[in-house]
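Participant: following is a predicted model, sequence given first.
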Amino acid sequence: MDVRDLRVLYRESELLHGVSYSFRPNAVSAIVGPTGCGKTTLLRSINRLHDSTPGMRVTGSVTIGGEEVYGRGVGVRGLRRKVGMLFQRANPFPQSIADNVSLAPRAHGMVSRHQVAALVEQHLTLVGLWDAVKDRLDRSPFHLSGGQQQLLCLARTLALSPEVLLLDEPTSALDPDTTEHIEGLVKQLSERVTVLIVTHNLAQANRIADDVLFLMAGSVVEFAPAQTFFQNPADERSRAYITGRIG
Ligand SMILES: Nc1ncnc2c1ncn2[C@@H]1O[C@H](COP(=O)(O)OP(=O)(O)O)[C@@H](O)[C@H]1O
Ligand SMILES: [Mg+2]
């Protein structure tokens with residue numbers, strides 16, 4: 001996945017000032033930086049979530065597997081199948097637990113009626129939620145804990161077999177056990193999916209990232225392998241951020 005000179009403008013102000021980098025496939029890239037530096041804005045650009053915000057403009061290029069995300073004929077529907085996203089707060093649909101997993105694959109014609117139950121079981125098992133919910137698949141997800149709801153949202157996203165997974169501080173509202181579980185899953189998933197995870201938790205980035213993209217005030221300060229970023233960063237501002245002197 002390549003991002004070239006990506007600018008995001010909201011009315012008169014520029015939120016991202018020409019961001020460029022190439023994400024390695026099947027790796028975990030952590031996007032870090034102080035609050036308000038543009039991490040969420042960057043993530044949302046990748047699956048065109050700004051399209052529906054009046055006053056928001058995006059210029060530059062994002063390509064996934066060589067295909068331009070902002071190309072003329074590109075359908076947002078197809079893009080959202082290819083690029084899954086998880087937000088800080090779990091946002092299950094107000095439908096049954098099973099439907100949360102199967103609605104989108106059914107809508108995209110990815111499964112036939114008799115494959116639905118297996119699809120639901122497979123993806124709930126993948127995220128480690130199956131045993132907890134197998135007896136209440138037709139019930140509302142809103143009785144689940146916050147962590148379980150986030151896992152359900154992850155299962156829902158994975159059921160579409162995305163090529164790219166965008167995670168926006170997915171564990172910041174969760175307990176340490178669920179956080180550790182999700183970090184393990186993310187590592188495991190990165191064997192077949194390109195993962196971008198926004199986190200303000202540097203320890204988390206250090207645990208799971210292969211590469212780190214450090215943003216400040218809408219610009220890339222440093223993009224480096226995680227080991228380099230944490231042990232021997234090229235930029236003095238990276239060093240200051242890692243040691244807690246800024247951010
Ligand atoms: N929908 C929006 N409308 C106006 N300004 C926005 C919008 N979304 C983000 N911003 C602004 O863009 C900047 C970056 O925000 P954001 O990407 O959410 O930062 P981060 O995720 O790094 O904390 C902030 O100054 C924020 O106020
Ligand atoms: Mg954010």
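Facilitator: Looks like it came in fine. Numbers count the residues shown, from 1 in each chain. Ligands and ions are numbered 1, 2, ... in the order given.
Participant: show me what from the protein comes close to ligand 2.
Facilitator: By CB under 5 Å from the ion, the residues of the chain that approach ligand 2 are Lys39, Thr40. C-betas here are computed from N, CA, C, even on glycine.
Participant: mind running it again at 8 Å?
Facilitator: Within the chain, the positions adjacent to ligand 2 are Thr35, Lys39, Thr40, Thr41, Leu43, Gln88, Asp168, Glu169, Val198 by CB under 8 Å from the ion.
Participant: which ones among those lie within helices?
Facilitator: Lys39, Thr40, Thr41, Leu43 (DSSP state H).
Participant: poorly predicted segments of this structure, please.
Facilitator: The chain contains no residues with pLDDT under 70.
Participant: which stretches of it form helices?
Facilitator: Here the chain has its helices, by DSSP H, at 39-46, 76-82, 97-107, 116-126, 130-133, 146-158, 176-189, 202-208, 226-231, 236-242.
Participant: ok, back up a step: weed out the non-buried ones from the ones in helices among the residues of the chain next to ligand 2.
Facilitator: Buried members of those, counted by 16 or more other CB atoms under 10 Å: Lys39, Thr40, Thr41, Leu43.
Participant: let me know the closest of these to ligand 2.
Facilitator: The closest of these to ligand 2 turns out to be Thr40 (CB to the ion; 3.2 Å).
Participant: and for Gly184, the neighbour number?
Facilitator: Number of residues near Gly184 (other CB atoms under 10 Å) recorded here: 13.
Participant: with distance to Asp138 added, can I get the buried ones among the ones in helices among the residues of the chain next to ligand 2 in TSV?
Facilitator: Converted to TSV, those look like this (distance: CB to CB, whole Å):
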residue	distance to Asp138
Lys39	37
Thr40	34
Thr41	38
Leu43	33
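Participant: now narrow the residues you listed to whatever sits close to ligand 1.
Facilitator: Residues of these in contact with ligand 1 (CB under 6 Å from any ligand atom): Lys39, Thr40, Thr41.
Participant: distance to Asp210 added to these, as TSV?
Facilitator: Converted to TSV, these look like this (distance: CB to CB, whole Å):
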residue	distance to Asp210
Lys39	18
Thr40	21
Thr41	23
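Participant: for those, which one is nearest Ala159?
Facilitator: Checking these against Ala159 by CB to CB gives Thr40 as the nearest, at 24.0 Å.
Participant: with adjacent residues omitted, what lies nearest to the closest one?
Facilitator: Asp168 (5.6 Å; CB to CB, 6 or more residues apart in numbering).
Participant: residue contacts, the one you found?
Facilitator: By CB atoms under 8 Å, 6 or more residues apart in numbering, Asp168 lies in contact with Lys39, Thr40, Leu43, Met85, Leu86, Phe87, Gln88, Val198.
Participant: of all pairs in the residues you listed, which one is the farthest apart?
Facilitator: Counting by CB to CB, the most remote pair of the contacts of Asp168 is Lys39 and Leu86, 14.0 Å apart.
Participant: tell me how many other residues crowd the residue nearest to Cys37 when sequence neighbours are not counted.
Facilitator: Of all residues not flanking Cys37 in the chain, Leu215 sits nearest, at 4.6 Å (CB to CB, 6+ apart). Residues near Leu215, counting by other CB under 10 Å, number 22.
Participant: who does Leu215 bridge with?
Facilitator: Taking DSSP bridges as the rule, Leu215 bridges to Val220.
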